[in-house]
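S.K.: Okay, sequence plus prediction incoming.
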Amino acid sequence: MRAILRSTQGRIVIGAIVLYLLWQAWLSIAAPGKVSPEIDRARPRVNLLVVLPFRPERFHVLMFQKFGRVSGTTDDSVEVRGVDPARLNAIARYYWVSRVDPLPPDQ
């Protein structure tokens, strides 16, 4: 361990690992704050409006299809239906997700 700490490459690798772990910890801590408390977690499946800070692209739609059925997009959000409430934090964990709100019933 001392040999690793003495070398420049070893310190760079350890620094990169520490930064990665801090980034992952931050994503886990920030995710619950992005999920709206108005979402009814008692239901077996929920419909969501996932808000992004930019216009969603195909990549984002494909990522949300892992969680449920994507039924549409707007300027800065994606409608995802039939999502298991246990996976809400997994959706909010993406750094490019601003908020996760319930989908209004008329949509």
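M.R.: Looks like it arrived, so ask away.
S.K.: Show me which residues of the strand or helix carrying Gly82 are buried.
M.R.: If you go by DSSP states H and E, Gly82 is part of strand 77-83. Neighbour counts over strand 77-83 (16 or more other Cβ atoms under 10 Å) mark 77-81, 83 as buried. C-beta here means a position set from N, CA and C on the backbone, and glycine is covered the same way.
S.K.: For this protein, which helix extends over the most residues?
M.R.: Of all the segments assigned as helix in the chain under DSSP state H, the longest by residue count is helix 8-34.
S.K.: What mean pLDDT does it get?
M.R.: For helix 8-34, mean pLDDT is 95.
S.K.: Pull the distance from that helix to the chain's centre.
M.R.: Remark: helix 8-34 is offset 16 Å from the chain centroid, using Cα atoms, centre = their mean, to the nearest Å.
S.K.: next SSE after it?
M.R.: strand 46-51.
S.K.: Tell me what angle that following strand forms with strand 77-83.
M.R.: 160 degrees (axes from the mean of the first three to the mean of the last three Cα atoms, to 10 degrees).
S.K.: rewinding a little: got JSON lines for the buried residues of strand 77-83, with distance to Phe64 too?
M.R.: Below are the buried residues of strand 77-83 laid out as JSON lines (distance: Cβ to Cβ, whole Å):
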{"residue": "Ser77", "distance to Phe64": "11"}
{"residue": "Val78", "distance to Phe64": "5"}
{"residue": "Glu79", "distance to Phe64": "9"}
{"residue": "Val80", "distance to Phe64": "5"}
{"residue": "Arg81", "distance to Phe64": "10"}
{"residue": "Val83", "distance to Phe64": "9"}
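S.K.: Now pLDDT and distance to Gly15 too, for those, in TSV please.
M.R.: Output for the buried residues of strand 77-83, formatted as TSV (pLDDT from 0 to 100; distance: Cβ to Cβ, whole Å):
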residue	pLDDT	distance to Gly15
Ser77	96	37
Val78	97	35
Glu79	97	41
Val80	97	37
Arg81	96	43
Val83	97	37
